[in-house]
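>>> Dropping the sequence and predicted coords here.
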Amino acid sequence: MAAAAPAAGAASSEAPVATATADLEAADEDSREVRVLQSLRGKICEAKNLLPYLGPNKMRDCFCTINLDQEEVYRTQVVEKSLSPFFSEEFYFEIPRTFQYLSFYVYDKNVLQRDLRIGKVAIKKEDLCNHSGKETWFSLQPVDSNSEVQGKVHLELKLNELITENGTVCQQLLVHIKACHGLPLINGQSCDPYATVSLVGPSRNDQKKTKVKKKTSNPQFNEIFYFEVTRSSSYTRKSQFQVEEEDIEKLEIRYASWSFTKLLFSLPKENPKINWKT
């Protein structure tokens, strides 16, 4: 049985069961190729305590989707006028490719505009076995452009002091983008990633970009960028490694891909939940 859902909202689903079978195909009389077929079976049970609309019509028309990384592979029927939709839908599908995350998205159906993502649950492929045969409540997480980001970046930052030709002291910011790891797959294929570095201030927006790495989710960039930053005329040794606030507001390091388009969604302030079973 599922645990009681917290007041913020919940959803329930039976944990999916991943299975694999071997299919032998004759290549010639002396050799055979082994192809492993994977499938996923489970049940999307229900959601609870979704946030209501403001105004007289507080109910929502909700449905749930299942995604392998960025690709939708299953969609439930719409449950109308409910803040605790009961889906009770079993799903089964073959896994056609490698993936990193199995994700569940709860949507609010909108006839006139784009359907609104209320929240999501993302489970790493290697963690699926922990939920096998269980009915579990999961907290829905907000969905925005940052929540859809996957992977890690390895950086090195240094702030150096330089003496210019006229004898004044300036500071130089070194940004070493070494590598990324675990970037998302697009339809099961590695993308062509690159990274950008932006130094933003009241009167500056300096941007630099790495080379594009082809067909990889673990790119090795190993590129170094330099930015000159101003310093106050009141130089003291104590402040020699401080970047002046009036020159820099933020340092942004972004990952992108030739294959990606980014979407933004507005979300409720509180986090509902989903319950599923495998």
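All right, it came through fine.

>>> Break down the stretch 101-250 of the chain into its strands, ranges please.
Ranges of strands within the stretch 101-250 of the chain are 101-108, 116-124, 135-139, 152-163, 169-181, 193-201, 204-209, 220-229, 250-257, based on DSSP state E, counting those that start in this stretch.

>>> Switch the ones you listed over to TSV; also include mean pLDDT.
Converted to TSV, the strands of the stretch 101-250 of the chain look like this (pLDDT from 0 to 100):
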stretch	mean pLDDT
strand 101-108	93
strand 116-124	91
strand 135-139	89
strand 152-163	86
strand 169-181	87
strand 193-201	85
strand 204-209	86
strand 220-229	90
strand 250-257	57
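
>>> domains of this structure?
Domain assignment for the chain by the TED database gives 39-142, 152-232+246-264.

>>> show me what contacts the residue nearest to residue 64 when sequence neighbours are not counted?
Nearest non-adjacent residue to residue 64, counting by CB to CB, 6 or more residues apart in numbering: residue 76, 4.7 Å away. Using the backbone N, CA and C atoms, a C-beta is placed for each residue, glycine as well. Residue 76 makes contact with 44, 63, 64, 65, 87, 89, according to CB atoms under 8 Å, 6 or more residues apart in numbering.

>>> how about a markdown table for the domains of the chain, with distance to residue 12 added?
Output for the domains of the chain, formatted as a markdown table (distance: least, CB to CB, whole Å):
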| stretch | distance to residue 12 |
| --- | --- |
| domain 39-142 | 4 |
| domain 152-232+246-264 | 27 |
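
>>> Of the ones you listed, which stretch is the most buried?
Comparing the domains of the chain by mean neighbour count (mean count of other CB atoms under 10 Å), domain 39-142 ranks first with a mean of 17.

>>> From one end of that one to the other, what's the distance?
From its first residue to its last, domain 39-142 covers 28 Å (CA to CA, to the nearest Å).

>>> Please report the distance of residue 94 from residue 146.
Using CB to CB, to the nearest Å, residue 94 is found at 32 Å from residue 146.

>>> make that residue 54, sorry
Per CB to CB, residue 54 is found 25 Å from residue 146.

>>> what do you get for residue 78?
According to CB to CB, residue 78 stands 28 Å off from residue 146.

>>> go on, residue 83?
Applying CB to CB, the value for residue 83 to residue 146 is 26 Å.

>>> repeat for residue 124
To residue 146, residue 124 is 18 Å away according to CB to CB.

>>> quick one: the helices in the protein?
Assigned by DSSP state H, the chain shows no helices.

>>> got any ranges where it has weak pLDDT?
Within the chain, the segments meeting pLDDT under 70 span 1-11, 13-33, 35, 187-188, 230-278.

>>> if you set the cut-off to 50 instead, what comes out?
The model of the chain has pLDDT under 50 over residues 1-8, 22, 24-27, 232-248, 257-271.

>>> close enough to count as contact, residue 199 and residue 227?
Yes. The criterion here is CB atoms under 8 Å, and residue 199 meets it with residue 227 at 4.8 Å.

>>> can you list residues touching both of these two?
173, 206.

>>> Tell me what residue 156 is bridged to.
Beta bridges link residue 156 to residue 176, judged by DSSP bridges.

>>> should've said residue 169
Counting by DSSP bridges, residue 169 forms beta bridges with residue 163.

>>> Contacts only, for residue 86.
45, 46, 79.

>>> distance of the second one from residue 78?
Computed with CB to CB, the distance linking residue 46 and residue 78 is 14 Å.

>>> likewise the first one?
Here the distance between residue 45 and residue 78 works out to 16 Å (CB to CB).

>>> which among the contacts of residue 86 gets closest to residue 221?
residue 45 (43.6 Å; CB to CB).

>>> ok, and the closest non-adjacent residue to that closest one?
Nearest-residue entry for residue 45: residue 12, 3.7 Å, with adjacent residues in sequence omitted and distances by CB to CB, 6+ apart.

>>> now do the same end-to-end measure for stretch 213-222.
Distance across stretch 213-222, first residue to last, is 11 Å (CA to CA).

>>> from now on call the first residue 44
Taking 44 as the first residue, the last one we looked at is stretch 256-265.

>>> List of residues touching it?
Contacts of stretch 256-265 (CB under 8 Å, 6+ apart): 194, 219-228, 232-238, 253-254.

>>> if we go to 10 Å?
Stretch 256-265 has contacts (CB atoms under 10 Å, 6 or more residues apart in numbering) with 141, 143, 193-197, 219-229, 232-238, 253-255, 298, 300-301.
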